[in-house]
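K.L.:
predicted coordinates and the sequence they were generated for:
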Number of protein chains: 2
Amino acid sequence: MLVQKYKDMLSGKSVIRELSEFATARGQEIGYENVFDYSLGNPSVPAPREFTDEMIRMLTQMGTNELHGYSPSLGITGVREAVATSLEKRFGLPYRKEHIFMAVGAAGALAHAFRLVTEPGDEILTFAPYFPEYGPYVNLTGAVLKVVPPDTESFQIHFAKFEEMLTEKVMAVLINTPNNPSGVVYSAETLERMADLLRKKSAEYGHTIYLISDEPYREIVFQGVDAPCVSAFYDDTIMCYSFSKSLSIPGERIGYVAVNPACRDAEDMVYMCGQISRGIGHNCPPSIIQMAVAKVLDKTADLSVYETNMNLLYHEMTELGFTCVKPGGTFYIFPRALEEDAKEFCRKALQYDLILVPGDTFGAPGYFRMAYCIDTEKVERSLEALRRFVKEIYR
Amino acid sequence: MLVQKYKDMLSGKSVIRELSEFATARGQEIGYENVFDYSLGNPSVPAPREFTDEMIRMLTQMGTNELHGYSPSLGITGVREAVATSLEKRFGLPYRKEHIFMAVGAAGALAHAFRLVTEPGDEILTFAPYFPEYGPYVNLTGAVLKVVPPDTESFQIHFAKFEEMLTEKVMAVLINTPNNPSGVVYSAETLERMADLLRKKSAEYGHTIYLISDEPYREIVFQGVDAPCVSAFYDDTIMCYSFSKSLSIPGERIGYVAVNPACRDAEDMVYMCGQISRGIGHNCPPSIIQMAVAKVLDKTADLSVYETNMNLLYHEMTELGFTCVKPGGTFYIFPRALEEDAKEFCRKALQYDLILVPGDTFGAPGYFRMAYCIDTEKVERSLEALRRFVKEIYR
């Protein structure tokens, strides 16, 4: 018999997917350039030239067995060394290859992190608004994801609720800063306060509460914004990184787990990741992509368009009277809808060919997400549609 | 706290890995060309020129967002169509893209197949000699791998033992033909008899017993050997394929699940694989590699060296008095050791710089595996060492 829990999941429809399908269909009617599709977090800028050049150089110059051969299950040794060196230089923590496990994107990294520190029935806390895939990512391991309600003033952490929910059953706390969907970057003050609480509760409960830090947007931080290194605040931090957004290569599935060198059993943890891989069919990321990213670790795609787009949208949204926390990074903005039911609000926006995603999906009803990883020219054209939408429906 | 079951796995040492480390160390002493390393199943022939050319063409001609963008979670649609068309042409079964799920290598494909059809506590049967990674692959899902003892006459299936072990708890049977480590190809007679038994027992128990067919060696079949298509014998077959061996690109992690079109709920199964992915951090194979293999589906690396090597070794082994089933494919041979304890036999062989792997690892004590995916010139030089080993120790 087929396993029922996966069969049952087939009937659940993803709101983002439905919206994206609507956008595609509407695009066929009026031309996709006229659909203001803010639904998908798919990087829009080209990968850096150096990445492509390195791929071509290896394909041209290296033997195919060396290039396409099996990678060790923890990742290619030289690649792990290069990642450790880059992290040490960047953040001043003594990373060594022994702390680095190469993974197929952040999803792969998280799959290992969750299994490292939770058994079925254990709880993982995250904070709304949050990336909705965390639900199945965690719950299908047998652990349970619990969501702390948002602090809607700042989209930092609602500490009163957090402390209330940080019970003895919680084995890990999962954060995502810069944040999808709010665009907010957790401040040093937030991270310090969180770390203090985790230390206090770890001592009280007699077990380590690990901090799992999902950082795919680490390189997309706007001018004047301080984006502190999460691992520097809390020893027992497991960093999960992906190159998808920084290098604009989301399809190539490359990222890593970086265990804080100060974490107890740090080196065992990386070997344990290798064992976890065997149970989930992971077997390390593609060799050629590992070797290529190792050569461009300190490069990024030209990410400036995201800040340009953010400024255009933030300015317009506040002008139009939206309540909106200014994003510090990512390519998302998360304003309050102009009516209580954000789903209804987003449904009405479709009449203006504006594809917005209701915040319910992210654990924050009443808000909506715009993913502005699109051409600036299109953002500019969308402003008129936004104005008409607001004036005609809400004035 | 770190999860104990993964921590405990760290103390278990892989025999193959230890042997391979010995070979590397010995190679540093006497030159690796003088170590007859038959331990690792790592393809030795170059990837086909067409694969490399296609990679370079795409990197040169395509936009990076198109090339490196997110793949749909079931795989890129055009790639799934191409795989289905190729399978239909090859095997005459009506495969469509709806039956194809792209996966990161055979390990990724198997991780999905096991979760599709088993719940924790269910049993999966496989046949000795078998690929030892099946143990953690299955057992870490919560299901239980049980191993049917070998038919050492032919390394086909020991049907008496099979029928005895095929209880109501068995939800799937896992086969690997051409087989690692025996090199044997299951005959049409074996497959027919197995299918008959599975149909009978499925009816008797009132649940489908699925057949999971792990086929990474499908393209390495020697002259005159008939390698029947497993799926043609049994409707409820889940084929798990990898391009690692056929294209000599094991590091690039690319393969697929192909659900038999005649399988009940075949199309649901592929969507269910997409759900399973969310729980194990899978998220589909790298886009560029998907697109590249789609262009060379009916090509292989030049695999002829494996047959040349097999003939040299088989001839020499039988001359030296080894009992040995002639391989029909793969790059493995699995003779009987010259003393009861194959571990002791392999330990003694090390004195002659022959790296052989004891069959205990594969569920067949008393036998040993040679992986002859090495240069023919080295195989030829190893024959003298083999002769000396046998004469000096066993005559």
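P.N.:
On my side now, so go ahead.
K.L.:
quick check: residues of the stretch 251-395 of chain A near chain B?
P.N.:
Within the stretch 251-395 of chain A, the positions near chain B by C-beta under 8 Å from any C-beta of the partner chain are A:251-254, A:265, A:268-269, A:271-272, A:275-276, A:278-289. The way it works is simple: take the backbone N, C-alpha and C, and place the C-beta from them, glycine included.
K.L.:
need the buried ones from the residues you listed selected in ChimeraX.
P.N.:
Paste this into ChimeraX to select the buried members of those, with burial taken from 16 or more other C-beta atoms under 10 Å in any protein chain shown:
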select /A:251,252,253,254,265,268,269,271,272,275,276,278,279,280,281,282,283,284,285,286,287,288,289
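K.L.:
hey, what's residue A:257 bridged with?
P.N.:
Bridge pairing for residue A:257 (DSSP bridges) gives the partners residue A:101, residue A:240.
K.L.:
how far away is it from residue A:118?
P.N.:
For residue A:257, the distance to residue A:118 equals 15 Å [C-beta to C-beta, to the nearest Å].
K.L.:
looking at the two, which is more packed in?
P.N.:
Using other C-beta atoms under 10 Å in any protein chain shown, the more surrounded residue of residue A:257 and residue A:118 is residue A:257, with 28 against 23.
K.L.:
which stretches of chain A form helices?
P.N.:
A:4-9, A:15-30, A:49-61, A:64-68, A:77-91, A:105-117, A:134-139, A:159-165, A:188-205, A:266-280, A:287-294, A:304-319, A:342-349, A:376-394 (DSSP state H).
K.L.:
let me have those in TSV, extended by mean pLDDT.
P.N.:
Listed next are the helices of chain A as TSV, based on pLDDT from 0 to 100:
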stretch	mean pLDDT
helix A:4-9	91
helix A:15-30	87
helix A:49-61	98
helix A:64-68	95
helix A:77-91	98
helix A:105-117	97
helix A:134-139	96
helix A:159-165	98
helix A:188-205	98
helix A:266-280	95
helix A:287-294	97
helix A:304-319	98
helix A:342-349	96
helix A:376-394	97
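K.L.:
domain ranges for chain A?
P.N.:
A:4-47+A:302-394, A:67-294 (automatic domain parsing).
K.L.:
show me which residues of the stretch 101-250 of chain A sit near chain B.
P.N.:
Residues of the stretch 101-250 of chain A found near chain B (C-beta under 8 Å from any C-beta) are A:103-105, A:107-112, A:115-119, A:133, A:136-137, A:139-141, A:171, A:207-208, A:248-250.
K.L.:
again, only using 6 Å
P.N.:
A:105, A:107-108, A:111, A:119, A:136, A:140, A:207, A:249-250 (C-beta under 6 Å from any C-beta of the partner chain).
K.L.:
of these, buried ones?
P.N.:
Of these, these count as buried by 16+ other C-beta under 10 Å: A:105, A:107-108, A:111, A:136, A:140, A:249-250.
K.L.:
returning to that earlier point: tell me which of the helices of chain A is the most buried.
P.N.:
Of all the helices of chain A, helix A:105-117 has the most neighbours on average by mean count of other C-beta atoms under 10 Å in any protein chain shown, namely a mean of 28.
K.L.:
report the angle between that helix and helix B:266-280.
P.N.:
Relative orientation of helix A:105-117 and helix B:266-280, computed by axes from the mean of the first three to the mean of the last three C-alpha atoms, to 10 degrees: 70 degrees.
K.L.:
for helix A:105-117, which outside residues touch it?
P.N.:
Outside helix A:105-117, the residues within contact range by C-beta atoms under 6 Å, 6 or more residues apart in numbering or on different chains are A:103, A:137-138, A:141, A:171-172, A:210, A:212, A:214, A:216, A:238, A:240, A:242, A:253, A:255, A:257, A:269, A:272-273, A:276, B:280-281, B:283.
K.L.:
can you pull the contacts of residue A:118?
P.N.:
Applying C-beta under 6 Å, 6+ apart, one finds that residue A:118 lies in contact with A:143, A:171.
K.L.:
now do it against residue A:391, distance only.
P.N.:
50 Å.
K.L.:
ok, now which ones touch the closest residue to residue A:76 other than its chain neighbours?
P.N.:
Leaving aside its chain neighbours, residue A:76 sits nearest to residue A:290 (5.1 Å; criterion: C-beta to C-beta, 6 or more residues apart in numbering or on different chains). Listed by C-beta under 6 Å, 6+ apart, the contact set of residue A:290 reads A:76, A:79, A:102.
K.L.:
make it 7 Å
P.N.:
Shown in contact with residue A:290 (C-beta atoms under 7 Å, 6 or more residues apart in numbering or on different chains): A:71, A:75-76, A:79, A:102, A:254.
K.L.:
identify the residue spatially nearest to residue A:140, adjacent ones excluded.
P.N.:
Residue A:140's closest residue in space is residue B:279 (C-beta to C-beta, 6+ apart), at 2.6 Å.
K.L.:
so the one you found is in contact with residue A:136, correct?
P.N.:
Yes - using C-beta atoms under 7 Å, residue B:279 is in contact with residue A:136, at 6.0 Å.
K.L.:
what residue lies at the spatial centre of chain A?
P.N.:
The centroid of chain A falls nearest to residue A:216 when counting by C-alpha atoms, centre = their mean (4.7 Å).
K.L.:
what does the pLDDT read for the residue nearest to residue A:84 when sequence neighbours are not counted?
P.N.:
Spatial nearest neighbour of residue A:84, chain neighbours left out: residue A:95 (4.1 Å); criterion: C-beta to C-beta, 6+ apart. Residue A:95 is assigned a predicted lDDT (pLDDT) of 98.
K.L.:
wait, residue A:95 sits on residue A:258?
P.N.:
Yes - in this structure, residue A:95 is within contact of residue A:258 by C-beta under 7 Å, at 6.3 Å.
K.L.:
ok, residue A:240 touching residue A:214?
P.N.:
Yes - counting by C-beta under 7 Å, residue A:214 is a contact partner of residue A:240 at 5.0 Å.
K.L.:
which residues touch the closest residue to residue A:284 other than its chain neighbours?
P.N.:
Among residues not flanking residue A:284 along the chain, residue A:71 sits closest, at 4.6 Å (C-beta to C-beta, 6+ apart). Shown in contact with residue A:71 (C-beta under 7 Å, 6+ apart): A:284, A:287, A:290, B:251.
K.L.:
I figured the second one hits residue B:249, correct?
P.N.:
Spelled out, that is residue A:287. No - judged on C-beta under 7 Å, residue A:287 makes no contact with residue B:249 at a distance of 8.5 Å.
K.L.:
can you list residues touching both of those two?
P.N.:
Taking C-beta under 7 Å, 6+ apart as the criterion, residue A:287 and residue B:249 both touch residue A:68.
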